[in-house]
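Peer 1: no FASTA, just this:
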C-alpha cells in the first residue's frame with residue numbers, strides 16, 4: 001500500500017563495517033511503514049507508552065546518513081579483492097579528510113561527528129615510512145600516478161623516490177647479469193664461421209678511409225653512448241608519467257600486463273607493491289572461527305563434527321601461528337558442545 005521496498009530493519013553491530021549507516025538508512029527508508037505499524041491498534045493494544053522519533057531526531061538521522069556516505073563508499077572500495085587496494089589508500093585518505101572537514105552549513109551534530117572522524121583519520125599512516133610506501137604504490141598505479149591528491153612538493157619527492165628505486169632495481173639486474181654471465185661469454189670463443197657467413201663477409205665491401213676521417217677522426221671519434229642506471233630509470237619513469245592515466249574503472253593489473261615490455265623496471269616495482277592487500281579483510285575471511293568450523297565440516301563431510309574426533313583441515317595445518325590454532329580448537333569444541341555434538 002505504501003509502495004515501499006520489502007526490506008527488514010537492521011541493527012548496528014560493533015564489529016561490522018557500515019552497520020550504523022545501514023541501520024539509519026534502512027529506518028529512514030521504512031519510516032512510513034514503521035510509523036503505520038506503531039499506530040496500528042494491534043501494536044497499541046495494552047500499551048500506554050510507545051517511543052517514537054521526533055522530527056528533530058529524524059532530521060538528525062538524515063544528516064548523519066549524509067555525513068557517513070563517504071565512509072560507506074570507502075569501506076566498500078577497500079573490501080575489493082579482484083583489484084589492488086594498497087594504491088587506493090593514500091588518495092582515499094586524502095579525500096576522506098577533505099569530506100570530513102566541518103563547514104559552517106553543518107549542524108552541531110554533524111560538525112561534531114565530522115570532527116571526530118577527521119581527528120581519527122589524521123592519526124592513520126602518520127609515519128614517514130608508511131607515507132612513502134603508500135605514495136609509491138599510488139604512483140605505480142596508472143590510475144593515480146598524477147598524484148593530484150598530494151601537494152606539489154610531496155608529489156615531486158615521490159617521483160624522485162620512484163626514480164631512485166627504479167635505478168636501484170636496474171643496478172640489481174645488472175649485477176645479476178654480470179654474475180650469471182652472458183650466453184656469448186660462456187663459450188669463450190667466437191662462433192665458427194659457416195661457408196655462408198664466410199662468403200657473405202668476403203663480398204661485403206670495405207669502407208674507404210676518407211680524407212675527412214684522416215683529418216678529424218681523432219677529434220670526432222664515434223663512441224657508443226652508455227646510459228647509466230640513473231639515466232635509464234629517469235627516462236623510463238618520465239615516459240611512464242607523461243603517458244595519460246587510465247580511467248578509474250580500468251584494471252591497473254591488466255594495464256601493467258600489456259605495458260610490461262614498455263616499462264620493464266617499473267613493472268617489477270608494480271608487482272612488488274600492488275600485490276599487498278590494503279586491509280586484513282581477506283585474511284580474516286580465511287582464518288576466522290566461522291570459516292575454520294566450516295572447513296572442518298566440509299573436510300570430514302559432516303554437518304556437525306564429533307567432539308571426540310576433530311581433525312584439522314588443511315587450512316589449519318598450514319597456519320603458522322600455533323597459538324591461533326589452539327584458540328580455534330577451543331572455540332570449535334565450545335561450538336560443538338553448544339549445538340549438541342553428541
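Peer 2: That came through, no problem. Owing to the predicted nature of the structure, the values given are computational and were not obtained by experimental measurement.
Peer 1: what's around residue 143, how many residues?
Peer 2: 20 (other Cβ atoms under 10 Å). Heads up, the C-betas are built off the backbone N, CA and C, glycines and all.
Peer 1: Revised request: answer the last question for residue 284.
Peer 2: Using other Cβ under 10 Å, residue 284 has 10 other residues around it.
Peer 1: Go ahead and name everything in contact with stretch 22-33.
Peer 2: Contacts to stretch 22-33, defined as Cβ atoms under 8 Å, 6 or more residues apart in numbering, come from residues 2, 4-5, 7-12, 34, 58, 61-62, 64-65, 68.
Peer 1: are any of these buried, and which?
Peer 2: 61, 64, 65, 68 (16 or more other Cβ atoms under 10 Å).
Peer 1: For those, could you give me CSV that also reports pLDDT?
Peer 2: Below are those laid out as CSV (pLDDT from 0 to 100):
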residue, pLDDT
61, 92
64, 92
65, 93
68, 92
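Peer 1: which of the residues you listed lies closest to residue 228?
Peer 2: Set against residue 228, the nearest of the buried ones among the contacts of stretch 22-33 by Cβ to Cβ is residue 68 (52.0 Å).
Peer 1: tell me which element the closest one falls in.
Peer 2: Assessed by DSSP states H and E, residue 68 sits inside helix 55-78.
Peer 1: So which elements touch that helix?
Peer 2: Here helix 55-78 touches helix 19-29, helix 89-99, helix 108-122, going by 3 or more Cβ pairs under 8 Å, 6 or more residues apart in numbering; DSSP states H and E.
Peer 1: buried sites along whatever helix or strand comes next after the longest one?
Peer 2: Meaning helix 108-122. As assigned by DSSP H and E, the chain's next helix or strand after helix 108-122 is helix 128-139. Neighbour-count burial for helix 128-139, with 16+ other Cβ under 10 Å as criterion, is recorded at 133, 134, 135, 136, 137, 138, 139.
Peer 1: what about the fifth one, distance to residue 173?
Peer 2: Put plainly, it is residue 137. Noted for residue 137: a distance of 21 Å to residue 173, by Cβ to Cβ, to the nearest Å.
Peer 1: circling back to that earlier point, of the helices and strands packed on helix 55-78, which is nearest residue 160?
Peer 2: Evaluated with Cβ to Cβ, these place helix 89-99 nearest to residue 160, the distance being 16.6 Å.
Peer 1: I'd like to know which elements the closest one is packed against.
Peer 2: So helix 89-99, by 3+ Cβ pairs under 8 Å, 6+ apart, packs with helix 55-78, helix 108-122, helix 128-139.
Peer 1: Let's have these in a markdown table, adding distance to residue 259.
Peer 2: Formatted as a markdown table, the helices and strands packed on helix 89-99 follow (distance: least, Cβ to Cβ, whole Å):
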| stretch | distance to residue 259 |
| --- | --- |
| helix 55-78 | 24 |
| helix 108-122 | 33 |
| helix 128-139 | 15 |
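Peer 1: picking that back up, CSV for the helices and strands packed on helix 55-78, including mean pLDDT and distance to residue 146?
Peer 2: Converted to CSV, the helices and strands packed on helix 55-78 look like this (pLDDT from 0 to 100; distance: least, Cβ to Cβ, whole Å):
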stretch, mean pLDDT, distance to residue 146
helix 19-29, 91, 31
helix 89-99, 95, 10
helix 108-122, 93, 23
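Peer 1: right, and those - which one's nearest residue 238?
Peer 2: helix 89-99 (21.7 Å).
Peer 1: Would you mark the buried spots in the closest one?
Peer 2: Those would be 89, 90, 91, 92, 93, 96, 99, for helix 89-99 by 16+ other Cβ under 10 Å.
Peer 1: Nearest to residue 259 among those residues?
Peer 2: Relative to residue 259, the closest of the buried residues of helix 89-99 is residue 91; by Cβ to Cβ it sits at 21.0 Å.
Peer 1: pretty sure the closest one is touching residue 144, no?
Peer 2: Yes - using Cβ atoms under 8 Å, residue 91 is in contact with residue 144, at 5.3 Å.
Peer 1: Quickly list what's touching both of the two.
Peer 2: Residues touching both residue 91 and residue 144 (Cβ under 8 Å, 6+ apart): residue 138.
Peer 1: show me where the stretch 101-250 of the chain has helices.
Peer 2: 108-122, 128-139, 152-180, 183-187, 195-203, 211-216, 229-242 (DSSP state H, counting those that start in this stretch).
Peer 1: Name the stretch among those that sits most buried.
Peer 2: helix 128-139 (a mean of 18; mean count of other Cβ atoms under 10 Å).
Peer 1: and the angle for it with helix 152-180?
Peer 2: 80 degrees (axes from the mean of the first three to the mean of the last three Cα atoms, to 10 degrees).
Peer 1: To residue 281, which of the helices of the stretch 101-250 of the chain lies closest?
Peer 2: The closest of the helices of the stretch 101-250 of the chain to residue 281 is helix 128-139. By Cβ to Cβ, the value is 17.5 Å.
Peer 1: what's the domain layout of this structure?
Peer 2: According to automatic domain parsing, the chain comprises the domains 84-174+230-278, 281-338.
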